[in-house]
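Q: The following block contains a protein sequence and its predicted model.
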Amino acid sequence: MSSSGMITPSQALSLEAFCQLQGVLQEMATRLEGTGLLLTEADLEFYTPPSALVSGSPPPPSSPVATVEKFTVLVSKTFSALLRGHSLQQQDVDSQPEDREAEQHATPPSAGYFVALTFDPQAIASFLQHLLPQVQSNPQLVEQVTLAAPWLGPNDPLRQSEFTLQLLAAMDSEARRRSLLEESCTQSCAQIQRDNLEQEVQSRTQNLQDAVLAAQTANRAKSQFLAAISHELRTPLTAIIGMSSTLLRWSFGEMSDRQRRFLQTIHSSGQRLLELINDMLDLSQLEEGKIVLQPREFSLSLLVQQTLREFQDMATEKSIELELDMQVDPRFDQFVADAQRIRQILSNLLSNAIKFTGQGGRVTLRVFADQYYAVLRVKDTGIGIPEEQRSLLFQKFQQLDDSYRRVYQGAGLGLALTKQLVELHGGRISVESTVGVGSVFTVQIPNQQPASAEASAIPAPPADHLLGRIVLIESHEETANIICDLLTAANYQVIWMLEDMIAINQIEVLQPLVVILDLEPDNRAGHTLVAQLRQNPATKHVKVVALQTAKPLEGPLTEAGLAVDGRLLKPIQPEQVLPCIFNLTVDSVVDV
């Protein structure tokens, strides 16, 4: 509201707000108890608005014909007011382009009404003078307007305050209504957005499901194709390999060196192609879940030696030294697994090691076994594998570098197939490698024998002959052998494990008196195992002996708050082992 007591024409209100202002004036007329004049445009048969909303203001931007105007005028001895509203929906056909542009920038066409509210007696008197010619046909209205004109004067302060309070209440109600409307619109828009988003999510989810289904269908079709084509290729290849092998061993006539060399190439190429086809067939069957293990008991040492002999000629051709380090206790030599697949795993690892090892290198096969696991470790002095490329090792049809493909033969299926065969046994495969030094592939295969059979396969000595059960977790063979021999001779039952990560569940079942394990500062797995033992109610009573190099017991062990009951220093001194264990088994804490 301006200082002159009016809402200026430049201010726009909605039609609902304008009607509320009219209602406030009509309410004021009611309070005056019929002592005043109240007129609206509805009381006139014909109404032509004046050229200006209020005295002194510019004319509205529309012609009289096009103008839609509402008004309410209240005149009394104590309170008078004039309310006029000019519709914004009309376009000014006579105004200049720049005037129309200014109007569009001032207020949008959908805002409702330009509003003028004034309490000025002169402005109201001027408006009444304008109305007189338009009410001549109604003598009663002429008389009312004529009689009301002398009443005009300054408004009574009490009436003015009363109107102002009613006006504020009406405007507040309008503000609340707009707020509710905006909130409702906001909620509606949010709901529409949520609905649209939900539809989009559903659409994308369906697209993803369709894509996954299509990929699975394509993968099954690929596997079926590989299986079918592999069988078709193997039949003629078998004839080629068999006949070329026969010709190499026996011929009807003399054969030149060149002919023999060509024949040997045919035979060896056929063999490589047959191996590739067999790998592709196995891989496709694995992916389809068609390969089922056929576990049986076999001699682990015999299978390893036979497999190694098959690669002796291949190693000799490159002057590679092929070594076997068999660390299998005769009690655990009989192992239960799919012997054919174990041989295939070993063959793939040995073939890979020899292929990537240069002239005069060395390939070593180490084998460990206990009643639970067999560990096959193939170490070579080959080219090594960069760390950033190790993630490609067990993927199908992958070689570390395209340049290798030109130097080393292979389609990149061997390690992918090996990994799947290992996992089919419930085992795991890992690799350690240094570029220019060599690689070490380690395969851990669990014994496939049922738990009840395992227990009966390795009978435990009578309880009254044993001093107690001890679990040793140590990957260094020499250290483990010394400790096992000493404790076994002292009538302890020793169970040797290679991995910290898998030991917690077995310790909980075995309930040993003591656990001996490597707790060097860099062995985080060992630290984690000790923490688990202390937190587990079933194992927190188990004594823990730390294997460490000759240095004070400090660093990560102390910082981690891991409580150990004893310590054995490396290299192991035999005279230290038994006193440490004897004292612990009679509930005495030692630090050797």
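A: The structure has been received and is ready for your questions. Since the structure is predicted, the reported quantities are computational estimates derived from the model, not experimental observations. Numbers count the residues shown, from 1 in each chain.

Q: now for the helix or strand hosting Ser268, which elements pack on it?
A: Taking DSSP states H and E as the definition, Ser268 sits inside helix 257-287. Contacts defined by 3 or more Cβ pairs under 8 Å, 6 or more residues apart in numbering; DSSP states H and E place helix 257-287 against helix 157-249, helix 414-424. For the C-beta atoms, the positions are set from N, CA and C on the backbone; glycine is no exception.

Q: buried stuff in that helix?
A: Residues of helix 257-287 classed as buried: 263, 266-267, 270, 274-277, 279-287 (neighbour count, 16 or more other Cβ atoms under 10 Å).

Q: Helix or strand next in line after the lowest-mean-pLDDT helix or strand in the chain, which one?
A: Taking mean pLDDT, DSSP states H and E as the measure, the chain has helix 451-457 as its least confident helix or strand, at a mean of 39. Using DSSP H and E, the next helix or strand after helix 451-457 towards the C-terminus is strand 468-473.

Q: ok so, going back, give the pairing partners of the helix or strand that the helix holding Ser268 is followed by; include direction for each.
A: Per DSSP H and E, the first helix or strand lying C-terminal to helix 257-287 is strand 296-299. Counting by DSSP bridges, the strands paired with strand 296-299 are strand 334-337 (antiparallel).

Q: before we move on, the earlier item: measure how the helix holding Ser268 sits relative to helix 414-424, angle-wise.
A: 40 degrees (axes from the mean of the first three to the mean of the last three Cα atoms, to 10 degrees).

Q: In contact with Val422: list those residues for me.
A: By Cβ atoms under 8 Å, 6 or more residues apart in numbering, the residues touching Val422 are Ile345, Arg428, Ile429, Val443, Ile445.

Q: quick one: the third one and Thr238, what's the gap?
A: Counting by Cβ to Cβ, to the nearest Å, the gap from Ile429 to Thr238 is 31 Å.

Q: The two: which has the busier surroundings?
A: Comparing Ile429 with Thr238 by other Cβ atoms under 10 Å, the one with more neighbours is Ile429, at 21 against 12.

Q: wait, doesn't the more buried one sit right on Leu421?
A: No. Using Cβ atoms under 8 Å, Ile429 makes no contact with Leu421, being 9.3 Å away.

Q: tell me which element the closest residue in space to Leu568 that isn't next to it in sequence is part of?
A: Sequence neighbours aside, Leu547 is the residue nearest to Leu568 in space, at 5.5 Å (criterion: Cβ to Cβ, 6 or more residues apart in numbering). Assigned by DSSP H and E, Leu547 falls within strand 543-549.

Q: now swap in Ile429 and tell me
A: Assessed by DSSP H and E, Ile429 sits inside strand 428-434.

Q: what residues does that strand touch?
A: By Cβ under 8 Å, 6+ apart, strand 428-434 touches 384-385, 387, 390, 393-394, 418-419, 422, 439-444.

Q: May I see the buried residues of it?
A: Quick answer for strand 428-434 (16+ other Cβ under 10 Å): Arg428, Ile429, Ser433.

Q: And for stretch 236-244?
A: So for stretch 236-244, counting by 16+ other Cβ under 10 Å, buried means Leu237, Ile240, Ile241, Ser244.

Q: which of these lies closest to Ile572?
A: Ile241 (53.4 Å; Cβ to Cβ).

Q: Distance check, the closest residue to that closest one other than its chain neighbours against Glu232.
A: Counting by Cβ to Cβ, 6+ apart, Gly270 is the residue found nearest to Ile241 once chain neighbours are left out, at 4.3 Å. Separation of Gly270 from Glu232 (Cβ to Cβ): 15 Å.

Q: swap in Ala211?
A: From Ala211 to Glu232 the distance is 31 Å (Cβ to Cβ).

Q: Now the closest residue to Lys70 other than its chain neighbours: which helix or strand?
A: Excluding the flanking residues, the one nearest Lys70 by Cβ to Cβ, 6+ apart is Gly85, at 4.7 Å. Counting by DSSP H and E, the element that carries Gly85 is strand 81-87.

Q: List the neighbouring strands of that strand plus their orientation.
A: Each strand that pairs with strand 81-87, with its direction, by DSSP bridges: strand 69-75 (antiparallel), strand 113-118 (antiparallel).

Q: As a markdown table, those strands with mean pLDDT and distance to Leu167 would be great.
A: A markdown table is the format used below for those (pLDDT from 0 to 100; distance: least, Cβ to Cβ, whole Å):
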| stretch | mean pLDDT | distance to Leu167 |
| --- | --- | --- |
| strand 69-75 | 87 | 13 |
| strand 113-118 | 80 | 8 |
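
Q: could I get the ones you listed as a markdown table with mean neighbour count and distance to Pro295?
A: Listed next are those as a markdown table, based on neighbours: other Cβ atoms under 10 Å; distance: least, Cβ to Cβ, whole Å:
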| stretch | mean neighbour count | distance to Pro295 |
| --- | --- | --- |
| strand 69-75 | 23 | 96 |
| strand 113-118 | 24 | 91 |
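
Q: Minimum distance to Thr205: which of these has it?
A: Closest among the strands paired with strand 81-87, using Cβ to Cβ: strand 113-118, at 50.3 Å.

Q: Can you give the distance of the closest one from its chain's centre?
A: 60 Å (Cα atoms, centre = their mean, to the nearest Å).

Q: Ok, stretch 529-549 next?
A: For stretch 529-549, the distance from its own C-alpha centre to the chain's C-alpha centre is 35 Å (Cα atoms, centre = their mean).

Q: buried residues in it?
A: Quick answer for stretch 529-549 (16+ other Cβ under 10 Å): 529-530, 532-534, 539, 542-548.

Q: right, and the pair among these with maximum separation?
A: Between all members of the buried residues of stretch 529-549, the farthest pair (by Cβ to Cβ) comes out as Thr539 and Gln548, at 21.3 Å.

Q: Let me know the outermost residue of this protein.
A: Distance from the centre of the chain peaks at Pro139, with 85.7 Å (Cα atoms, centre = their mean).

Q: how much space between it and Pro133?
A: For Pro139, the distance to Pro133 - Cβ to Cβ - is 14 Å.

Q: what does Leu578 give?
A: Leu578 sits 131 Å away from Pro133, going by Cβ to Cβ.

Q: Around Val292, how many other residues sit close by?
A: Neighbours of Val292 (other Cβ under 10 Å): 8.

Q: which residues does it contact?
A: Contacts of Val292 (Cβ under 8 Å, 6+ apart): none.
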